[in-house]
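Novice: Need coordinates for the following:
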Amino acid sequence: MPPGSPRRDPVPTDARLRTPMAVNPKKLRPYDQPPKVRRPLIPNEPDNAATAFLVAALVWFLLATGIGLLWTALQLFPDQLSLHLEMPSLRGVITFELSPATTASGFWNSLFYGWFANAGFAAVFFITPRVLGRRLAGETLASAAAALWNIGMLAGLVALYVPQLGVSGAGALTEFPLPVAGVLLLAMLLANGAFWRTVLTSGERLPYVSIWYFGVALLALMGLYGLISLERVLSVTNLFHLSAAATALATAFYGRAVETLFVSGVAIGTLYYVIPRASGNPLFSWGLAMLGWLLWLGLSTLAPLATLVDVSVPFAITQIGNVATLMLVVPAFLVVANLLLSLTGRWTLALSPGTVQFALVSLTFLVAASLLEAIGSLGSVHKLVGGTEWGLGVRLFGLLGTATLAFLALADHAFPRLLRRNWGDTLLAEATIWAAFAGAALAGLALIAGGIVHGSMLADGAAAAEIDGTVFWFRLVQAGGISLSALAAAVMALNVFLMYSSARRAEYVVAGDAAALPAAR
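Specialist: Numbering: from 1, shown residues only. Now for the predicted structure:
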């Protein structure tokens with residue numbers, strides 16, 4: 001060994017022959033391992049239910065608009081795109097049918113029960129603890145409701161395309177099999193239980209106006225769906241039967257009532273929260289808000305009577321529904337005026353993409369859709385466009401406009417708080433606004449214009465082939481509108497993904513520690 005070099009001890013022979021150990025034996029001692037945390041099957045942290053419902057809503061929005069594209073394609077090319085498959089099973093042959101009827105049913109069910117219902121429940125469970133200043137009393141119940149609701153929705157959507165599982169002759173929103181209806185009713189019951197426990201134990205004698213809208217909406221959805229399911233149970237057990245005409249009337253009434261009481265109620269309640277909260281201003285007038293709620297409650301309850309068009313129904317009842325539909329313009333204008341006045345001094349927020357811009361576009365659609373429904377309830381207009389694409393166009397205009405943009409405003413406001421991410425307004429938010437606005441306007445106005453043209457051609461005695469050829473182009477524009485709505489859903493989903501994956505974590509005070517919403521002046 002050269003002098004000055006470091007000394008190296010030889011490796012013992014037995015050490016060289018030993019096999020190297022894959023693990024450190026000290027790590028095998030049980031007292032060195034941290035104790036395992038037992039997590040409940042249903043989590044109970046704050047905002048779990050709101051997060052689950054809102055994420056599910058965004059997924060269903062994507063799915064619903066995708067099915068909507070397929071629905072419009074089948075309307076345009078029914079013979080080329082329809083599909084009928086038969087698969088053998090232990091109980092016979094199972095049929096899978098892709099047709100304009102099954103796809104339309106899938107679109108409306110996924111839109112109402114998937115997108116609007118999930119977003120509505122998310123709004124209820126996100127906003128209620130914040131305006132009451134306390135944590136949700138039944139977080140576990142609400143989380144269980146989210147799981148049951150979406151499991152039932154998936155099963156129901158699959159059943160719609162299998163004629164043996166669905167309910168023949170039912171309406172577009174009442175075709176789920178009875179077991180699926182039972183699961184959805186249980187989810188509604190749990191959601192109502194969590195909401196009302198929170199409200200009744202909060203000690204608030206006059207809670208914020210959003211709570212009033214949410215309470216009516218939740219009870220209306222559960223009551224209406226319970227009644228329509230009870231009729232089917234009685235029919236299956238041969239205890240009570242409705243005639244085919246009565247069943248059609250009840251289904252039409254149910255669809256319209258769900259739209260006016262649940263979807264509209266939760267959307268307006270959401271707007272009453274996000275605009276004052278995002279602007280930092282108090283609500284302009286409590287009295288104006290409660291007057292609008294009372295008028296909305298009475299008129300929205302009576303408006304579905306307009307769907308009972310049959311010789312067996314007295315003319316006066318149908319006219320009451322038409323008058324209520326016409327008068328729904330009044331509470332719509334009260335809501336818009338109250339919320340616009342609440343933005344006094346913060347109008348610059350309307351120029352930047354974000355929550356306020358979503359909400360203002362939703363208010364614009366609220367006024368426009370109310371005016372269109374009022375015009376459609378007039379006798380002379382109904383005589384011209386009744387049975388044409390007009391009614392469907394007004395429906396899409398309101399649903400893809402008012403409700404969708406209100407819930408997108410909620411998503412823009414709530415997701416950074418639910419995911420605990422520091423995420424400002426981006427170009428993706430502006431792209432979502434423009435795509436949703438253009439999609440609702442194109443889809444709705446194309447069918448409204450198509451209905452006017454269709455009615456005029458019928459009045460002139462045009463041939464059916466000529467009418468179909470003309471309406472084809474309006475349906476093509478409708479397809480473009482639904483495509484833009486699907487683009488809005490995709491961009492919003494991308495925005496949420498980037499928020500979760502790349503934004504910095506931020507501290508956020510959960511409901512129960514924060515103050516309630518500023519009171520009205």
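
Novice: Under a three-state scheme, what state does residue 239 occupy?
Specialist: Here residue 239 takes the coil state, with states given by DSSP: H, G, I helix; E, B strand; the rest coil.

Novice: Report the mean confidence score over the helix or strand containing residue 117.
Specialist: Using DSSP states H and E, residue 117 sits within helix 117-132. For helix 117-132, the mean pLDDT works out to 95.

Novice: In the stretch 1-150 of the chain, mark out all the helices, start to finish.
Specialist: Along the stretch 1-150 of the chain, counting by DSSP state H, counting those that start in this stretch, helices occupy 13-17, 48-76, 78-81, 100-109, 117-132, 139-160.

Novice: Lowest-scoring secondary structure element of this protein by mean pLDDT?
Specialist: Within the chain, no helix or strand scores below helix 13-17, which has a mean of 50 by mean pLDDT, DSSP states H and E.

Novice: re the thing from before, out of the helices of the stretch 1-150 of the chain, flag the one nearest residue 220.
Specialist: Proximity to residue 220 (C-beta to C-beta) singles out helix 117-132 among these, at 11.2 Å. Just so you know, the C-beta spots here come from the backbone N, C-alpha and C atoms, and that holds for glycine as well.

Novice: got the angle for the closest one vs helix 139-160?
Specialist: Interaxial angle, helix 117-132 versus helix 139-160 (axes from the mean of the first three to the mean of the last three C-alpha atoms, to 10 degrees): 160 degrees.

Novice: Give me the spatial nearest neighbour of residue 419, chain neighbours excluded.
Specialist: Distances taken as C-beta to C-beta, 6 or more residues apart in numbering place residue 500 nearest to residue 419, at 5.3 Å, with adjacent residues excluded.

Novice: How far away from the center of its chain is the strand or helix carrying that neighbour?
Specialist: In this structure, residue 500 sits in helix 464-502 according to DSSP H and E. In terms of C-alpha atoms, centre = their mean, to the nearest Å, the centre of helix 464-502 is found 17 Å from the chain centre.

Novice: so what's residue 307 up against?
Specialist: Residue 307 is in contact with 249, 252-253, 255-256, 321, counting by C-beta atoms under 8 Å, 6 or more residues apart in numbering.

Novice: ok, of those, which one's closest to residue 427?
Specialist: Among these, and counting by C-beta to C-beta, the member closest to residue 427 is residue 255, at 37.5 Å.

Novice: Now for the closest one, how many residues are close by?
Specialist: By other C-beta atoms under 10 Å, 21 other residues sit near residue 255.

Novice: C-alpha coordinates for the helix or strand it falls within, PDB please?
Specialist: Following DSSP H and E, one finds residue 255 within helix 244-257. Provided in PDB are the C-alpha atoms of helix 244-257 (Å, rounded to 0.1, in the frame of the first residue of the first chain):
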ATOM      1  CA  ALA A 244    -104.100   6.400 -21.200                       C
ATOM      2  CA  ALA A 245    -105.300  10.000 -21.600                       C
ATOM      3  CA  ALA A 246    -105.100  10.700 -17.900                       C
ATOM      4  CA  THR A 247    -101.600   9.200 -17.700                       C
ATOM      5  CA  ALA A 248    -100.400  11.400 -20.500                       C
ATOM      6  CA  LEU A 249    -101.900  14.500 -18.800                       C
ATOM      7  CA  ALA A 250    -100.300  13.600 -15.400                       C
ATOM      8  CA  THR A 251     -96.900  13.100 -17.100                       C
ATOM      9  CA  ALA A 252     -97.200  16.400 -18.900                       C
ATOM     10  CA  PHE A 253     -98.100  18.100 -15.700                       C
ATOM     11  CA  TYR A 254     -95.200  16.500 -13.800                       C
ATOM     12  CA  GLY A 255     -92.700  17.500 -16.400                       C
ATOM     13  CA  ARG A 256     -93.800  21.200 -16.400                       C
ATOM     14  CA  ALA A 257     -94.100  21.300 -12.600                       C
END
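
Novice: Output the contacting helices and strands for that helix.
Specialist: helix 209-236 (3 or more C-beta pairs under 8 Å, 6 or more residues apart in numbering; DSSP states H and E).

Novice: What's the mean pLDDT across stretch 150-160?
Specialist: 90.

Novice: which of the residues in that stretch are buried?
Specialist: 150, 152-153, 155-157, 159-160 (16 or more other C-beta atoms under 10 Å).

Novice: excluding its backbone neighbours, what's nearest the residue most central in space within the chain?
Specialist: For the chain, residue 116 is the residue whose C-alpha lies nearest the centre (C-alpha atoms, centre = their mean; 1.5 Å). Leaving aside its chain neighbours, residue 116 sits nearest to residue 263 (5.1 Å; criterion: C-beta to C-beta, 6+ apart).

Novice: so who does the one you found touch?
Specialist: Going by C-beta under 8 Å, 6+ apart, residue 263 touches 112, 116, 120, 399, 403.

Novice: Hmm, residue 403 and the second one touching each other?
Specialist: Going back to what we said before, that points to residue 116. Yes. In this structure, residue 116 is within contact of residue 403 by C-beta atoms under 8 Å, at 5.9 Å.

Novice: Touching both of those two, which residues are there?
Specialist: Residues touching both residue 116 and residue 403 by C-beta under 8 Å, 6+ apart: 263, 266.

Novice: And the closest residue to residue 375 other than its chain neighbours, how far from residue 350?
Specialist: Spatially, and ignoring its direct neighbours in sequence, residue 375 is nearest to residue 381 (5.6 Å; C-beta to C-beta, 6+ apart). Taking C-beta to C-beta, to the nearest Å as the measure, residue 381 falls 33 Å from residue 350.

Novice: which other helices and strands contact the helix holding residue 500?
Specialist: Applying 3+ C-beta pairs under 8 Å, 6+ apart, we find helix 464-502 packed against helix 48-76, helix 390-398, helix 404-418, helix 427-459.

Novice: Show me the shaky parts of the chain.
Specialist: Scanning the chain for pLDDT under 70 picks out 1-44, 85-93, 163-172, 507-521.

Novice: same thing but 50
Specialist: 15-17, 19, 21, 23, 26, 31, 511-521 (pLDDT under 50).

Novice: Kindly calculate the angle that the helix holding residue 255 makes with helix 390-398.
Specialist: Using the same axes, to 10 degrees: helix 244-257 against helix 390-398 is 30 degrees.

Novice: Next secondary structure after helix 244-257?
Specialist: Next helix or strand after helix 244-257 toward the C-terminus (DSSP H and E): helix 264-279.

Novice: Pull out the buried residues from the helix or strand just after that following helix.
Specialist: Next in sequence after helix 264-279, counting helices and strands by DSSP H and E, comes helix 286-302. Of the residues in helix 286-302, 286, 288-289, 292-293, 295-297, 299-300, 302 count as buried by neighbour count, 16+ other C-beta under 10 Å.
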